[in-house]
Structures are given as C-alpha cells and as structure tokens.
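Chemist: I would like the atomic coordinates for the input below:
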Amino acid sequence: MIKNKKLLIISLICFIGINTSYFWESYAGALLLPLTLACFITLVIAFLLLLRQIYMVVRERFADKSRLYTTIAITVLLALIVIEPFGIIDFEKLEGKSIFSAGYKGVASCSSALKLTADHKYFVRGVCFGVEHLSGTYTVANDTIRFKSPASGRSNSYYEFGVIKMLSNPPGSHIIGELRLYRSVKDSMPLPMGVTLNELTK
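Modeler: Down below sits the predicted model:
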C-alpha cells in the first residue's frame, strides 16, 4: 500500500509540473531538457507500476477499497497526462486575442515568437536549449512598435523597438511581412521576424 501511495504522489507531482510548466519553464534554462527527459522516464515507470496495481486490484476482486481508490486516482492522472501532454489549460489563450504575430526560426532549431494583444500587451516566447518568456506593454506609431521594459522574463531577450515592413505582394506562404527588432537605435544587426498576422491598423 505504501508503494501505491508513493506512486500516487509521483503521478500528482508530474501532473502538477506539466500543467504549471507555462510559469516555470523559462526559469529552468538549460535544465529544461533533462527535466523533461526525467519526467518522461518517470511516467513510463509509473505506467508500468500502474499495470501492476490494476492486476492486484483485480486479483483481490476489488476487496481492498484503499488500493482501488488510489489506483483509480493514479489512472485518471496518468490518462489526463496522455490526453493533454502540454497541460489541460492553454495559458497562452488566456493572454488575450492576438492582433499581431511574428516569428523567427534560426539554427539548431532555435525559434522566437512575438504576440501582441489588443490591450497593448506583448508576449515573447523563445526556444533555444530552454524556454524563455517575456511580457510587457507596447505602443505603436506608424510602422514602429515600441516595447516597454518587460514586466516579467529575462531582459537579455528584450528588444527596444521593431519596424514593420509589409509585403505588397506576399508569396503563397503565410508570411505577409517582416518585423525587424532592434535592441537600441545603435543596433546595426536587427533580428528579422516573419509577420503572419497584422491587425494593428484595424
């Protein structure tokens, strides 16, 4: 029974960790990959142990109510993880409706995505040997987006402003323009992002 309760605790920890990763994954840095691998291995072991517990419940003809209820709880938790491996709640949708979005893909599968909402908030998600989140407020003047210092996230991912250049005849792909991000007015090597949505003027 003690092993069964330990399995329940492990399953609960994995479930909570996965469903709250939106808040802590940016702080994990380079540890995110080994943590993800460790969680995967733990879940595989948990599934194998769950099969044993189900066998015990059936063999006992459901007589041990404590084992039965614990096994049901573990089954529900692990099933939810399989059905929703990125979490039950999509926290990115809670950020608000996107009116502008742009993205960048670099070497080694590194990428960055920018999202602007109608209430003048921006959200940046960068993935490169870890995950980084950045958020704050912005203002728009003509073709320039100015980002205020981030309210949350790491400042080394912060760009002071961006300049939008829409394509007059966009290709068949989903790219409709380009956003060049500058760390300062002295920045001579801006980060180019492909614009996929622009409703800033609506």
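Chemist: what's the longest strand anywhere in the chain in contact with?
Modeler: When the chain is scanned for its longest strand (criterion: DSSP state E), the result is strand 131-141. For strand 131-141, contacts defined as Cβ atoms under 8 Å, 6 or more residues apart in numbering pick out 22, 25-26, 28, 32, 95, 116, 120-126, 145-154, 157-158, 200. Using the backbone N, CA and C atoms, a C-beta is placed for each residue, glycine as well.
Chemist: C-alpha coordinates for that strand, PDB please?
Modeler: Coordinates of each C-alpha in strand 131-141 appear next as PDB, following Å, rounded to 0.1, in the frame of the first residue of the first chain:
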ATOM      1  CA  VAL A 131      12.400  28.200 -23.000                       C
ATOM      2  CA  GLU A 132      12.200  31.900 -22.300                       C
ATOM      3  CA  HIS A 133       9.100  34.000 -21.700                       C
ATOM      4  CA  LEU A 134       9.000  37.800 -21.900                       C
ATOM      5  CA  SER A 135       6.000  40.100 -21.400                       C
ATOM      6  CA  GLY A 136       5.200  43.700 -21.000                       C
ATOM      7  CA  THR A 137       3.300  46.600 -22.700                       C
ATOM      8  CA  TYR A 138       3.800  48.300 -26.100                       C
ATOM      9  CA  THR A 139       2.900  51.300 -28.100                       C
ATOM     10  CA  VAL A 140       2.500  51.800 -31.900                       C
ATOM     11  CA  ALA A 141       3.400  54.800 -34.000                       C
END
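Chemist: ok so, going back, so which of the contacts of strand 131-141 are in helices?
Modeler: Among those, DSSP state H puts 22, 25-26, 28, 32 in helices.
Chemist: would TSV of these with distance to residue 42 and pLDDT be doable?
Modeler: What follows is the ones in helices among the contacts of strand 131-141, written out as TSV (distance: Cβ to Cβ, whole Å; pLDDT from 0 to 100):
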residue	distance to residue 42	pLDDT
22	20	84
25	17	82
26	22	76
28	16	77
32	15	80
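Chemist: so the longest strand of the chain versus helix 21-28, what angle?
Modeler: Interaxial angle of strand 131-141 relative to helix 21-28 (axes from the mean of the first three to the mean of the last three Cα atoms, to 10 degrees): 100 degrees.
Chemist: Paired strands for strand 131-141, with orientation please.
Modeler: strand 121-127 (antiparallel), strand 144-147 (antiparallel), strand 152-153 (antiparallel) (DSSP bridges).
Chemist: how about these, which one is nearest residue 49?
Modeler: Residue 49 lies closest, by Cβ to Cβ, to one member of the strands paired with strand 131-141: strand 121-127, at 32.2 Å.
Chemist: Please point out which parts of the longest strand of the chain sit buried.
Modeler: Buried residues in strand 131-141, counted by 16 or more other Cβ atoms under 10 Å: 131-134, 136, 138.
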